[in-house]
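*Asks:* I need the structure of the sequence given here:
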Amino acid sequence: MLTILHSADLYTPRSVGTKSLVLGGGRVLWIGDEPPQVPAALVAEEIDLDGARVIPGLVDLHAHPTGGGGEAGPETRVPAPGLSSYTRSGITSVVGLLGTDAETRSMASLLAEVRALRRAGLGAWCYTGGYHLPPCTLTGSLRGDIVHLEEVIGVGELALSDFRSSQLTLDELLRVASEAQVGGMLTGKAGLLHLHLGDGPRGLELVRAALETSEVPARLFHPTHVNRREALLEEAFELTRSGCSIDLTAGPVASDEPGLAADQALARYLDAGLSADQVSVSSDSGGCLPVFDASGEMTHMDVGSGAYLAEALRNLFKSGRSPEQFLPAFTSNPARLAKLPGRGVLQAGAAADLVLLGEDASIHSVMVKGRWHMRAGVALVQGPFESSSDPA
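*Replies:* Numbering: from 1, shown residues only. The predicted structure follows:
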């Protein structure tokens, strides 16, 4: 059965003007000015969008499907986000990971959560490993997990410049990078090395050294949280000139904190004239956002949410900047970087993952693989342990 959408102000993420779309079998079947004649018996739904903005579903390269946290004891372990926490934020594809705690969380539990999201219709994948070495794996090696587990696309989030990290040496970083690269080569997957960057003074020093002293391609290294302080952000900007892509984290930034909000950091990146293809924005959904004192004790924490990603997108729309400039960082860029074909774009043959925006650029309705997960702000599809009152 087909769904036909008329009069969409369509971004693919490139603006293509007012178009109609024909969707079926979980795919975009046709995009054009006027839809082809289709027998009424084949049409399940036909909707006039009256010029509403339609964008590809958001692709989130950094989320914690098992929940994160635990830095101040077991009571600070963050619960796993529900299915609709993603879709209500416009996220239709997500890549999950383990963080600080790979002891009470595991690759087995991460993989189970990813598979649960897939069964519910979401596009879901994951990284193997976590903050530390030796890495948390299921098959016994990082390369083995990438090769033998269909959902695993790379390694992450390996921590650098953070007092919680394993304090990696250059040789150790290169060995992990090699595992990711070869695993990707053997499978045709991205083989990304997704790097957590803390606020330590060494910043991206190890990544620069790896690029200068090895044959590992720059595209493999994917540092995230680089907007946590301005000096690190500028360092990351420079790293893109070597061929790396960088990831900005959406989330609250207090006035007394040294970082920049993701929308501000992305605007600065674009204004710097750097490659618009080498930057992405992610949510850290389900992750702990801790604040530590000088002795390393956690003083308070927030929790990452897909809602922060939607808020960053909304702020950019409200800024008056052309959506063609910033939409790729939320859609096509992360999909291409993670080698997720048919995601983050709206074109014939792509997944029917799309977001309808309200007049204020808020998330109005969300479709995943041709199925409405949210309509007019109401979650129609939820996980088995969610309720309609759960926050996004």
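
*Asks:* the helices in the chain, which residues?
*Replies:* 83-87, 107-119, 142-148, 170-187, 205-213, 230-240, 262-271, 306-318, 323-326, 332-337 (DSSP state H).

*Asks:* so Gly90 makes contact with Val355?
*Replies:* Yes. Here Gly90 lies in contact with Val355, judged by C-beta atoms under 8 Å, at a distance of 4.4 Å. Any C-beta I mention is one placed from the backbone N, CA and C, and that applies to glycine too.

*Asks:* any common contacting residues for these two?
*Replies:* Common neighbours of Gly90 and Val355 are listed as 57-58, 363, 366 (criterion: C-beta atoms under 8 Å, 6 or more residues apart in numbering).

*Asks:* Just the ones of those in strands?
*Replies:* 58, 363, 366 (DSSP state E).

*Asks:* and which of those residues is nearest Ala231?
*Replies:* Leu58 (28.5 Å; C-beta to C-beta).

*Asks:* quick one: that closest one from Val279, how far?
*Replies:* Distance, Leu58 to Val279, using C-beta to C-beta, to the nearest Å: 14 Å.

*Asks:* And for Arg268?
*Replies:* In terms of C-beta to C-beta, Arg268 sits 11 Å off from Val279.

*Asks:* and what of Val368?
*Replies:* Per C-beta to C-beta, Val368 is found 25 Å from Val279.

*Asks:* same question, Gly377
*Replies:* According to C-beta to C-beta, Gly377 stands 29 Å off from Val279.

*Asks:* Reformat the helices of the chain as TSV; add mean pLDDT and distance to Tyr127.
*Replies:* Formatted as TSV, the helices of the chain follow (pLDDT from 0 to 100; distance: least, C-beta to C-beta, whole Å):
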stretch	mean pLDDT	distance to Tyr127
helix 83-87	96	17
helix 107-119	97	9
helix 142-148	98	9
helix 170-187	98	9
helix 205-213	97	17
helix 230-240	96	19
helix 262-271	97	20
helix 306-318	96	18
helix 323-326	97	25
helix 332-337	98	13
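
*Asks:* Deepest-packed of those helices, please.
*Replies:* Mean neighbour count (mean count of other C-beta atoms under 10 Å) peaks for helix 83-87 among the helices of the chain, with a mean of 28.

*Asks:* what's that helix packed up against?
*Replies:* Applying 3 or more C-beta pairs under 8 Å, 6 or more residues apart in numbering; DSSP states H and E, one finds that helix 83-87 contacts helix 306-318, strand 371-375.

*Asks:* between the ones you listed, which one is nearest to Asp256?
*Replies:* helix 306-318 (18.8 Å).

*Asks:* how distant is the closest one from the center of its chain?
*Replies:* On the basis of C-alpha atoms, centre = their mean, to the nearest Å, helix 306-318 sits 13 Å off its chain's mean C-alpha point.

*Asks:* then it to CSV, C-alphas only?
*Replies:* The C-alpha trace of helix 306-318 is given here as CSV (Å, rounded to 0.1, in the frame of the first residue of the first chain):
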residue,chain,number,x,y,z
GLY,A,306,17.5,13.4,21.5
ALA,A,307,15.5,16.5,22.3
TYR,A,308,18.8,18.5,22.5
LEU,A,309,19.5,17.5,18.9
ALA,A,310,16.0,18.7,17.8
GLU,A,311,16.6,21.9,19.7
ALA,A,312,19.9,22.6,18.0
LEU,A,313,18.3,22.1,14.6
ARG,A,314,15.4,24.4,15.5
ASN,A,315,17.8,27.1,16.7
LEU,A,316,19.6,26.9,13.3
PHE,A,317,16.3,27.3,11.4
LYS,A,318,15.4,30.3,13.6
